[in-house]
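Q: turn this into a model:
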Amino acid sequence: MLKDIEKKKESVIENLRKNHFKVIPVDNVELAKEEMLKLISEDEVVGVGGSLSVRETGVIEELLNRGNKVIHHWLPGTFIDEIRDARRRAVRLSDTYLTSTNAITLEGYLVNMDTFGNRVSAMIYGPKKVIIVAGWNKVVKNTDEAFKRIREDVAVRNAQRLNMDNPNKLCKVSAVMYERPDDTDITIILINGEIGY
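A: Okay, here's the model as predicted:
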């Protein structure tokens with residue numbers, strides 16, 4: 001996260017909006033969850049990427065409790081073939097996809113890196129509606145800093161969480177969204193604080 005982020009928050013939001021992303025700034029995780037639930041109707045199928053940020057909001061449990069079908073691959077005791085299938089179904093069969101982003105630049109670009117490409121492809125051209133939840137800890141100066149953040153911080157922490165020796169194995173597919181892709185409705189919920197990594 002940038003040291004002087006407080007001075008740049010309005011500019012980042014403005015640049016994201018100039019790049020045709022919808023942005024909803026919120027003060028905390030609970031309000032982020034409320035906004036997500038407002039954006040998702042009860043009859044929608046919701047896909048979820050491998051995002052700690054989304055899970056930290058508690059929105060998955062709320063969606064399941066109200067009757068939404070939720071497709072995600074972080075289910076305990078799931079066989080590897082079922083995990084692979086869930087990753088694909090979350091992208092192909094969902095009305096809405098919930099995820100985070102690895103980095104947001106000051107210019108309002110979204111920078112992401114994946115192992116399988118499921119999250120990146122879903123964000124770009126998967127479900128019609130994508131909701132991205134992120135904290136200000138993900139804001140960096142530019143795309144070079146974004147890739148540095150991903151390789152030297154995000155991938156390392158994820159590798160530790162997954163008991164992997166080589167963080168580079170998590171960095172196989174990358175994408176930069178300079179503007180919102182025309183056929184995808186993307187809303188970014190920006191939490192005033194840190195969430196995920």
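
Q: helices and strands of the chain: which one bottoms out on pLDDT?
A: helix 80-92 (a mean of 61; mean pLDDT, DSSP states H and E).

Q: ok, Pro181 - contacts?
A: Ile124, Tyr125 (C-beta atoms under 8 Å, 6 or more residues apart in numbering). The C-beta positions use only the backbone N, C-alpha and C, and glycine is treated the same way.

Q: if I look at it, how far off is Ala122?
A: With distances taken as C-beta to C-beta, to the nearest Å, Pro181 is found 11 Å from Ala122.

Q: can you map out the strands along this structure?
A: Under the criterion DSSP state E, the chain carries strands at the ranges 22-26, 45-48, 69-71, 96-99, 103-105, 110-114, 129-135, 139-140, 173-177, 185-191.

Q: so which of those strands is the most packed in?
A: Most buried of the strands of the chain by mean neighbour count (mean count of other C-beta atoms under 10 Å) is strand 96-99; its value is a mean of 26.

Q: who touches it?
A: 36, 39-40, 44-49, 51, 54, 59-60, 90-91, 119, 122-123, 126-133.

Q: tell me if I'm right that Asn118 and Gly49 touch.
A: Yes - Asn118 is within contact range of Gly49, at 6.7 Å (criterion: C-beta atoms under 8 Å).

Q: rewinding a little: redo the strands of the chain as TSV? Include mean pLDDT and distance to Phe147.
A: Output for those, formatted as TSV (pLDDT from 0 to 100; distance: least, C-beta to C-beta, whole Å):
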stretch	mean pLDDT	distance to Phe147
strand 22-26	98	23
strand 45-48	90	25
strand 69-71	86	29
strand 96-99	96	18
strand 103-105	98	8
strand 110-114	96	7
strand 129-135	97	17
strand 139-140	96	9
strand 173-177	96	7
strand 185-191	98	20
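
Q: nearest approach to Asn158 belongs to which of the ones you listed?
A: When the strands of the chain are compared by C-beta to C-beta, strand 110-114 sits nearest Asn158, at 10.2 Å.

Q: mind listing the strands that closest one pairs with, and their directions?
A: According to DSSP bridges, strand 110-114 forms sheet pairs with strand 103-105 (antiparallel), strand 173-177 (antiparallel).

Q: how about CSV for those strands, with distance to Leu190 added?
A: Converted to CSV, the strands paired with strand 110-114 look like this (distance: least, C-beta to C-beta, whole Å):
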stretch, distance to Leu190
strand 103-105, 8
strand 173-177, 15
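
Q: so who does Arg119 touch?
A: Contacts for Arg119 (C-beta under 8 Å, 6+ apart) come out as Gly49, Gly50, Ser51, Thr99, Asn112.
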